[in-house]
Structure formats: C-alpha cells, structure tokens
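# Below is the sequence, then the predicted model.
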Amino acid sequence: MSKKDKKTVLVLATRNEGKVKELKALLSDLPLEIRSLKDYPDAPEVLETGNTFFENAFQKAREIAQATGELALADDSGLEVDALKGRPGVYSARYAGPKATDEENYRKLLEELRDVPPEKRTARFRCVIVVYHPSGHWLKTEGTWEGLITTEPRGEHGFGYDPVFLIPELGKTAAEVPPEVKNKLSHRAKALAQLKQKLPAFLEAL
Ligand code: ITT
C-alpha cells in the first residue's frame with residue numbers, strides 16, 4: 001500500500017466505553033482507521049475544567065491530538081433537565097459525585113424529580129463533537145435529542161442515563177431499544193451525521 005492510500009488515523013479521545021462503542025458503530029462506514037485510548041496507554045488524563053460542552057470537547061480533542069500526533073475526536077455530552085434548570089448538564093458524568101456510577105447518577109436524578117409531574121419531566125441529551133488535527137485545524141458539530149425522564153429505570157442497553165430517558169414517540173427508554181435504534185435517533189448520531197458531511201472537505205484542506 002502506498003503512503004497515499006494509507007487510511008487517516010482517528011483517535012477517539014474518550015475513556016467512556018459506552019461512547020467508544022457507539023462512536024465506533026457510527027463511524028464504521030468512513031475510510032478512517034479508528035483507534036481508542038486503549039491504543040495509547042500513556043495518553044494524558046484530560047481534566048474537564050470547561051463550563052460548556054464545547055470547551056470540554058475542544059480541550060479533550062486538542063490534548064489527545066497533541067499527545068498522539070494524530071487526528072482526534074472528542075465528544076462532550078450530557079443531559080439537560082428542564083425542571084432542574086438544565087442540570088446536570090456538563091456535570092452529568094459526576095452528578096452524584098466525582099467517581100459516581102451510571103446507576104448512582106440516574107438514581108439521584110429520579111430522587112430530585114420525585115415530586116415533578118409527567119408533563120414537567122422534559123429533558124434533552126446534548127452532544128458536542130470536536131475533531132482536532134495536530135496542525136491546529138479543528139471542526140465542531142452538535143446534536144440534541146428530546147425526551148422525558150421516567151420515574152423508574154427500564155432496559156439494559158446503552159449507558160449513562162439511558163434507562164431513565166423516555167423516547168416519547170416509541171414509549172420506550174433509550175436503554176430498552178437496541179443500539180441500531182438509538183444510533184439512528186440520538187444526539188450523538190445527529191452530531192456524527194453532521195460531522196460526516198463536513199469531514200471530507202476538512203480532511204482535504206489539511
Ligand atoms: P469522557 O470525558 O472520557 O469522554 P465522560 O463519561 O466523562 O467520558 P462526559 O464528560 O461527556 O464524558 O459526560 C457525559 C455523561 O453524560 C455520561 O457519563 C453520561 O452520564 C451522560 N450521557 C452522555 N451521552 C449519553 C447517552 O447517549 N446516553 C446516556 N447518558 C449519556
């Protein structure tokens with residue numbers, strides 16, 4: 001294979017295995033060699049110090065691109081609950097504490113919403129994706145997914161808050177539908193669909 005034919009490497013700048021699985025499935029049709037941080041055991045742990053999804057995604061993508069010397073993709077995402085004025089938002093991963101499990105996080109959410117009636121349980125997942133090249137060029141896309149917070153967790157698929165996120169048009173939680181269904185509807189799927197449109201011109205211009 002000549003150098004020209006070599007696939008561009010894309011490193012997924014995330015330590016969340018749920019995200020890695022979804023991102024790999026959603027990117028599988030692109031002519032890229034997808035790697036994860038498991039392929040770079042010495043990559044730095046990036047601290048999330050930003051106040052917005054964009055700041056955090058940018059920071060993660062830039063640090064991993066600079067550390068690996070490859071194109072890097074970071075996803076910063078979270079759940080915004082209207083009855084909680086947009087919380088947990090950028091703090092979704094650490095809602096119940098710095099090392100909280102997914103279950104601890106969604107149990108805390110259900111507890112906080114205990115007295116909130118069904119019509120006021122509106123929420124959305126938000127995802128911001130940044131692709132950063134070691135040359136300093138970068139690209140941003142985003143996606144949202146509207147839903148309702150249930151009163152009980154249901155389903156075994158997915159990760160994070162999926163068991164308590166009801167997809168209104170299906171009457172099922174994001175954890176009750178198989179990955180193929182979530183990967184057509186989700187905030188991450190929408191952000192990646194946009195990315196796929198923009199990526200060819202971005203790569204061409206590098
Ligand atoms: P990285 O920073 O290493 O990517 P993280 O889990 O810390 O991993 P974020 O800071 O972006 O990532 O936090 C995202 C959190 O939002 C995640 O841990 C879930 O709790 C929630 N979340 C995001 N997307 C989700 C999805 O598709 N389904 C369920 N929960 C989701």
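On my side now, so go ahead.
# so the closest residue to the ligand within the chain, which of the three states?
For the chain, the residue closest to the ligand is residue 160, as judged by CB to the nearest ligand atom, at 2.2 Å. Bear in mind the C-beta positions are built from the backbone N, C-alpha and C, glycine included. Here residue 160 takes the coil state, with states given by DSSP: H, G, I helix; E, B strand; the rest coil.
# Distance-wise, check it relative to residue 118.
Relative to residue 118, residue 160 is positioned 22 Å away (criterion: CB to CB, to the nearest Å).
# before we move on, what about residue 100?
Distance, residue 100 to residue 118, using CB to CB: 26 Å.
# Look at these two and report which has more neighbours.
Higher neighbour count among residue 100 and residue 118: residue 100, with 16 against 11, using other CB atoms under 10 Å.
# So that one, which state does it fall into?
Per three-state DSSP, residue 100 ends up coil.
# cool, residue 143 as well?
At residue 143 the chain is in strand, as set by three-state DSSP.
# Tell me, how many residues neighbour the residue lying closest to it once chain neighbours are set aside?
Distance criterion CB to CB, 6 or more residues apart in numbering; nearest residue to residue 143, sequence neighbours excluded, is residue 190 at 2.9 Å. Look at residue 190: counted by other CB under 10 Å, it has 19 neighbours.
# which residues sit against the helix or strand harbouring residue 190?
Following DSSP states H and E, one finds residue 190 within helix 187-205. If you take CB atoms under 8 Å, 6 or more residues apart in numbering as the criterion, helix 187-205 is touched by 8, 19, 22-23, 26-27, 30, 75, 77, 124-129, 131, 137, 139, 141-145, 182-183.
# contacts with the ligand among these, please.
19, 75, 77, 125 (CB under 6 Å from any ligand atom).
# circling back: and the helix holding residue 190, average pLDDT?
Averaged over helix 187-205, pLDDT sits at 96.
# for that helix, which positions count as buried?
Across helix 187-205, burial judged by 16 or more other CB atoms under 10 Å covers 187-192, 194-195, 199, 203.
# Could you do stretch 49-56 as well?
Buried residues in stretch 49-56 (16+ other CB under 10 Å): 53-56.
# which residues of this protein fall in helices?
17-27, 53-68, 102-112, 179-185, 187-205 (DSSP state H).
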